[in-house]
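In: sequence first, then the predicted structure:
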Amino acid sequence: RARAFLQHAEEPLIFCGDLNSRPHGAAHTYLTQGFINAKRIAPWYSYGKADESMTNDCETTDDGALYNEAKDDDEPVTHSVLEQTFSALDLNDTNNTSELASPRIRYVLDATLNKLCRWLRILGQDAALETDKEEKSRTQYNGTIPLFDRAREERRTLVTTSTRLMQRRDCPTGAYCLNPSVLPHLEVALVHLLLTHGVVLEPATFLSRCVVCNGKIVKVQEKSRQRQILEGYDAPVLAEEMVVYECDGCQQGYWWCDLPTSSASRVKTQATRLFQVCLQAGVPIDGRVPDLFAHVNVPQEQEQGWDYTQPGSDLLRQRLDVIDWLKDESLSCPFHLESAYAMRDESNNLVGEEIPFTNVTDSFVNTLDYIFFEPKRMELLSRLYVPKSFRELNTKNIPRGHLLPSDIWPSDHLAIGATFALLPRTASTDPSVSLAERTDSAATLQKDHRGVAPLEPASARVTSGSDIDSEYCLPTGAGVGALPIRPTAPVFPRRHKKRCDCGCVPSILSMFEMAELRKQARLAKAQRTESGLNSVVS
């Protein structure tokens, strides 16, 4: 938008306002350093941490028992993971650089998305489901939403079909709302969710989570425990001939069975289908494909692409630029900007902001307002005074008088301001050359916006007590007094009317002059008050 606003690439830019970003925050870093890892900003990335991605997050019911999300029409959850899958998955491998570089996203879904939650778990994603107790509390509208608290406490991204939840002020940051009309086309909803959040699938983690409670599936080593699990499910085989697994959360047992009608075979078929759907939609993958899914031709599925004739596929055409930005690990800024109130160390390195705050409330004190400019195109001349302590905000020592707004500072944000001198595009890079000399050297090459050449170089007007006619179109305001010494640009005297439309600055008090007058008035009032008190005492 800034590029579109500028008339040409060399036009100077000033970007200012309330950016709702603290010093060294996301927006501040992006503008001052020129780039940022946007993935660290997106709440779905910042919530998920690599060291928390495989934790045991079992769900419980009201009585404390493990919450089983399986419905009556579901096959009993007795599917297993092939031994090849677990041999390819080292849950304690701290050298997994891909996971460290791209933290896993952790989800919590409302109860209406039971099936989508199971699919995410099949694909190795950390997906928790709303419990019966949480759902009951949410639907009763008693003012509190335990699901919100859980999302924040467990650092999970909320996925819901409720627009009412999304409209609440206390809705967790980064919540994802799924249109209920898409639920009949759940495969579309799945890939859209993964693409939106930039999820990178790791086939080696498929079928590594329990679809009942979201716990980890681990291999059972003890023969007695293997037999106990098999007998508990009336398995028609001996433990010595089986590789047995169980969930470390709900102790759900798992083993492999080659029968096509077995739940194990069916879940493998389901995982294969989901894998193919994700590949066709362009969901990226990382790592080796285990033998369990060796029959899937990855390049062929990716080349085939998504069939947009499928119902509900229009959802996949809906993309937001900001979502794509939040997937960029090196999002670059096209402008080199510097804050007008930047603070530098002894080595002239930028270290922060000189202003400790621009917003002061009961619960928040920090800097949110900035003026960013291009130092290679303009020179900072002066800055508006901004108080730097509560004492300066509250000179009368009124209880809580430092809070904004107040009788002295009538806005909830402190005003900031700066004056700049535009540098000619042909300006010399020699620091010994003064701004007036650089302006003179460029004066013969420049014309004003009406195509009229300047009447005289800036240095010819550098005189004390200049008697330039007050009706000329000259810069006014706080910078006028400094004009004979540090002209901000070639000045083009043109006679004008009081209300002309030539773009000149009218002869009114500037923000800086008004601020200075208010300051002087406060000082004078304080002096009069002090004098009055002294008179009374005497």
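Out: Now that the structure is in, tell me what you want to look at.
In: contacting residues for the residue lying closest to residue 31 once chain neighbours are set aside?
Out: Distances taken as Cβ to Cβ, 6 or more residues apart in numbering put residue 337 closest to residue 31, at 4.9 Å, once the chain neighbours are dropped. C-beta here means a position set from N, CA and C on the backbone, and glycine is covered the same way. Taking Cβ atoms under 8 Å, 6 or more residues apart in numbering as the criterion, residue 337 is in contact with 13, 15, 31, 32, 372, 373, 374.
In: please apply the same query to residue 354.
Out: Counted by Cβ under 8 Å, 6+ apart, residue 354 has contacts 341, 342, 343, 388.
In: part of a strand, is the third one?
Out: Think residue 343. Yes - assessed with DSSP: H, G, I helix; E, B strand; the rest coil, residue 343 lies in a strand.
In: does it touch residue 367 like I think?
Out: No - judged on Cβ atoms under 8 Å, residue 343 makes no contact with residue 367 at a distance of 11.0 Å.
In: surely residue 402 touches residue 387?
Out: No - if you go by Cβ under 8 Å, residue 402 and residue 387 don't touch, sitting 9.1 Å apart.
In: between the two, which contacts overlap?
Out: Common contacts of residue 402 and residue 387, defined by Cβ under 8 Å, 6+ apart, comprise residue 393.
In: before we move on, the earlier item: who has more neighbours, residue 343 and residue 367?
Out: residue 367 (25 against 13; other Cβ atoms under 10 Å).
In: do you know how far the more buried one is from residue 354?
Out: For residue 367, the distance to residue 354 equals 9 Å [Cβ to Cβ, to the nearest Å].
In: any regions of this protein where pLDDT drops low?
Out: Filtered on pLDDT under 70, the chain yields the residue ranges 47-103, 142, 236-241, 426-508, 536-538.
In: domains in it, by residue range?
Out: Segmentation of the chain into domains, based on automatic domain parsing, reads 2-34+333-422, 39-325, 424-507, 511-538.
In: among the ones you listed, which is the most enclosed?
Out: Of the domains of the chain, the one with the most neighbours on average (mean count of other Cβ atoms under 10 Å) is domain 39-325, at a mean of 17.
In: could you list which of the contacts of residue 337 belong to strands?
Out: 15, 372, 373 (DSSP state E).
In: show the contacting residues for the last one.
Out: Right, residue 373. 12, 13, 14, 15, 337, 338, 340, 380, 418, 420 are the contacts of residue 373 under Cβ under 8 Å, 6+ apart.
In: what segments of the stretch 251-400 of the chain are helices?
Out: Secondary structure of the stretch 251-400 of the chain (DSSP state H, counting those that start in this stretch): helices at 263-281, 298-304, 321-325, 390-393.
In: who touches the first one?
Out: Pointing back at helix 263-281 there. The contact list for helix 263-281 (Cβ under 8 Å, 6+ apart) reads 75-80, 82, 119, 122-123, 187, 190-191, 194-195, 201, 203, 206-207, 211, 254-259, 285, 292-293, 295-296, 298, 301-302, 304-307, 316.
In: mind redoing it with 7 Å?
Out: Helix 263-281 has contacts (Cβ atoms under 7 Å, 6 or more residues apart in numbering) with 75-80, 119, 122-123, 187, 191, 194-195, 201, 203, 206-207, 256-259, 292-293, 296, 298, 301-302, 304-306, 316.
In: next one: the last one
Out: Under the contact criterion Cβ under 7 Å, 6+ apart, helix 390-393 has outside partners 360, 387, 402, 409.
In: beta partners of the first one?
Out: Same thing as residue 360. Taking DSSP bridges, one obtains residue 365 as the residues bridged to residue 360.
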